[in-house]
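Undergrad: coordinates only, no sequence provided:
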């Protein structure tokens, strides 16, 4: 049983409520993670920009079957969502089968037996609530960090891989029991990150503004991953991959990193 080690208070402005964040501990045993900003990238078919990195990931971890977790899909078309991802993975020509978690009679037993899980994008609040409802949060944490199960996430699936979903871009359309996520890494991610357009006439908050608001109350680093980037984690080594620079935010500064940058220091906190 994973115990809860950290207690803190955060304020989510859009709810005007106070939530307790109690993160699962990172046990630092063995991590095999691919955390994508998104599967869709301008100028590419689905998952094709990331294809070389994902092929290497599947081969390194001897993945013959992927359990796809479609629960971030708000409209509930889990079959269609799973087929779309299975078709994309089929282009890797690795003979890797893809099965939707929703097709199993017992999701807990399916995760216990899984070689690799892939949690897709959609709404992070809907996704995390479903993971809690199915009693999968602590189980996935344990399977990845203690058993070495490979983990792939995209967008919302990358959000829930971190310490919390506090830096998602999604509308809070449903209440999960907590903002605490899988805590496979001890920092936050902002998928689909985009810098402000200096020529824009838009007067609303920028993505950077929102992350700065997060840091008024929270200390965790936030990695802004633009579309076309991913974070590859192999044991205790984290490497930025892709075709764009990522931006790392802390309470005191932000810094840009180019693809192939070593971000392993983020795993130490």
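TA: Cool, got the structure. The structure presented is a predicted model; accordingly, all values stated were derived computationally and were not measured.

Undergrad: for the spatially closest residue to residue 225 that is not a sequence neighbour, grab the count of nearby residues.
TA: Distances taken as CB to CB, 6 or more residues apart in numbering place residue 37 nearest to residue 225, at 3.8 Å, with adjacent residues excluded. In this view, the C-beta of every residue, glycine as well, is placed from N, C-alpha and C. When counting by other CB atoms under 10 Å, one arrives at 28 neighbours for residue 37.

Undergrad: measure residue 37 to residue 228 for me?
TA: 7 Å (CB to CB, to the nearest Å).

Undergrad: same deal with residue 161?
TA: 19 Å.

Undergrad: between the two, which one's more packed in?
TA: Neighbours were counted for residue 161 and for residue 228 using other CB under 10 Å; residue 161 has more, 26 against 20.

Undergrad: need the contact list for that one.
TA: Neighbouring residues of residue 161 by CB atoms under 8 Å, 6 or more residues apart in numbering: 33, 35, 119, 151, 153, 181, 182, 184, 185, 189.

Undergrad: partners of the fifth one in the sheet?
TA: Taking DSSP bridges as the rule, residue 153 bridges to residue 35, residue 119.

Undergrad: that one and residue 118 touch, don't they?
TA: Yes: using CB atoms under 8 Å, residue 153 is in contact with residue 118, at 7.2 Å.

Undergrad: so between the two, which is more surrounded?
TA: Neighbour count, other CB under 10 Å: between residue 153 and residue 118, residue 153 has more, with 29 against 26.

Undergrad: what pLDDT is listed against the more buried one?
TA: In this model, residue 153 is scored at 98, pLDDT.

Undergrad: that one and residue 198, how far apart?
TA: Residue 153 is 31 Å from residue 198, by CB to CB.

Undergrad: helix, strand or coil for residue 99?
TA: The three-state label given to residue 99 by DSSP: H, G, I helix; E, B strand; the rest coil is strand.

Undergrad: residues contacting the residue nearest to it when sequence neighbours are not counted?
TA: Closest residue to residue 99 apart from its sequence neighbours, by CB to CB, 6+ apart: residue 67 at 5.8 Å. By CB under 8 Å, 6+ apart, the contact list for residue 67 reads 99, 100, 101, 110, 111, 114, 116, 117, 118.

Undergrad: and the fifth one, how far is that from residue 151?
TA: Applying CB to CB, the value for residue 111 to residue 151 is 11 Å.

Undergrad: can you pull out the low-pLDDT segments for the chain?
TA: Within the chain, the stretches with pLDDT under 70 are 1-29, 269.

Undergrad: centre-most residue in this protein?
TA: residue 158 (0.8 Å; CA atoms, centre = their mean).

Undergrad: how far away is it from residue 112?
TA: Taken as CB to CB, the span from residue 158 to residue 112 is 23 Å.

Undergrad: and residue 128, by the same measure?
TA: Distance from residue 128 to residue 112, by CB to CB: 20 Å.

Undergrad: repeat for residue 32
TA: 17 Å.

Undergrad: now do the end-to-end distance for stretch 91-106.
TA: Separation of the first and last residues of stretch 91-106 by CA to CA, to the nearest Å is 29 Å.

Undergrad: quick check, distance from that stretch to the centre of its chain.
TA: How far stretch 91-106 lies from its chain's middle: 19 Å, per CA atoms, centre = their mean, to the nearest Å.

Undergrad: ok, stretch 80-87 next?
TA: 19 Å.

Undergrad: hey, where'd the helices end up in the stretch 151-269 of the chain?
TA: 156-159, 207-217 (DSSP state H, counting those that start in this stretch).

Undergrad: quick one: which of these is nearest residue 240?
TA: Among those, the nearest to residue 240 by CB to CB is helix 156-159 (13.0 Å).

Undergrad: tell me how many other residues crowd residue 80.
TA: Residue 80 has 12 nearby residues by other CB under 10 Å.

Undergrad: which SS state does it fall under?
TA: Assignment for residue 80 (three-state DSSP): helix.

Undergrad: can you show me the strands along the stretch 151-269 of the chain?
TA: 188-191, 222-225, 229-234, 237-242, 246-249, 254-257 (DSSP state E, counting those that start in this stretch).

Undergrad: one more: the stretch 1-150 of the chain?
TA: 8-12, 17-21, 32-36, 65-69, 97-100, 116-119, 150-154.
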